[in-house]
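S.K.: Here you go, sequence then predicted model.
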Amino acid sequence: MNHYRIVPAGDSVLIVEFEERIDPGVNARAIACANAIDAARIDGVRDVVPTYRSVAVYFDPLHTDSDALMERIAHEAEQPPQAAAAAPATVRIPVCYGGEFGPDLASVATFAGVPSDEVVRLHSAATYRVFMLGFVPGFAYLGLVDERIAMPRHSTPRVRVPAGSVGIAGVQTGIYPAETPGGWQLIGRTPSKPFDPWRSEPFLMKAGDAVQFYPIDRAEFDKL
């Protein structure tokens, strides 16, 4: 059975809500629904934004047939993700773990009851799914983190987190694309830029992508 509901958020946004949990299958449904609505090029629709388990459809109420839009959204929400869809290319991201770049690595190791090297191994061994982008341009929410190192975020956020910092917050991991406040457990830093407005494709990752991290040393970081 398809579990979803469509709810208004004001007079110009409709939200499609799927099951309320962080789950790759639920996220795949949300992304597939968003992609289908976006590809339909419905008159009056301004933007379509997928999240972990929902889709926001922004529209111009003066230039949109709201009944037809609701019907189309319901149709797409009822469709399962295409099993035959091509697997996304894996985005590989280098990370210099620990030291000044990873001030919380030791704390995560203590939380997990393992050496710091094992935290690095566990974090870099997984293939993560990009569940959604948000917070700031290019910030990808990745999961799922191995439960042994899924340490909760800090109760009091840092005022400044350097750009490129790689952090953990429960079952999520991610990269800060710019210097911002943040409360995630910082375990390393990458020279890669999740968002670069000067690139032909500004966003390094998009919803539904697969991501792998791999360790590098400080010399390679400085070179890159």
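M.R.: Yep, that arrived. Numbering: from 1, shown residues only.
S.K.: Using the record's domain definitions, break the protein down for me.
M.R.: Following automatic domain parsing, one gets these domains for the chain: 5-77, 90-223.
S.K.: can you give me how far the lengthiest helix in the chain is from the chain middle?
M.R.: In the chain, with assignment by DSSP state H, the single longest helix is helix 24-39. For helix 24-39, the separation from the chain centroid amounts to 14 Å (computed by C-alpha atoms, centre = their mean, to the nearest Å).
S.K.: Buried residues, that helix. List them.
M.R.: 26-38 (16 or more other C-beta atoms under 10 Å). Where you see a C-beta, it was placed from the backbone N, CA and C, and this is true even at glycine.
S.K.: Which of the three states applies to His75?
M.R.: helix (DSSP: H, G, I helix; E, B strand; the rest coil).
S.K.: can you pull the contacts of the closest residue to Pro80 other than its chain neighbours?
M.R.: Of all residues not flanking Pro80 in the chain, Arg29 sits nearest, at 7.0 Å (C-beta to C-beta, 6 or more residues apart in numbering). For Arg29, the contacting residues are 4, 18, 77, 80-81, by C-beta atoms under 8 Å, 6 or more residues apart in numbering.
S.K.: tally of neighbours for the residue lying closest to Ser66 once chain neighbours are set aside?
M.R.: Closest residue to Ser66 apart from its sequence neighbours, by C-beta to C-beta, 6+ apart: Phe59 at 7.8 Å. Applying other C-beta atoms under 10 Å, we find 21 residues neighbouring Phe59.
S.K.: Quick check: Phe59 touching Ile37?
M.R.: No - checked against C-beta atoms under 8 Å, the pair Phe59 and Ile37 is beyond contact range at 10.3 Å.
S.K.: Overlap in contacts, those two.
M.R.: Common neighbours of Phe59 and Ile37 (C-beta under 8 Å, 6+ apart) are Val45.
S.K.: Ile149 against Ser124, yeah?
M.R.: No - shown here, Ile149 and Ser124 do not form a contact pair, counting by C-beta under 8 Å, at 11.0 Å.
S.K.: Neighbour count for those two, which is higher?
M.R.: Neighbour count, other C-beta under 10 Å: between Ile149 and Ser124, Ile149 has more, with 24 against 16.
S.K.: Who are the contact partners of that one?
M.R.: Taking C-beta under 8 Å, 6+ apart as the test, what Ile149 contacts is 108, 111-112, 114, 119, 122-123, 168.
S.K.: got the contact list for stretch 128-148?
M.R.: 22, 24, 27, 50-52, 112-114, 122-123, 125-126, 168, 170-178, 180, 193-195, 202-213.
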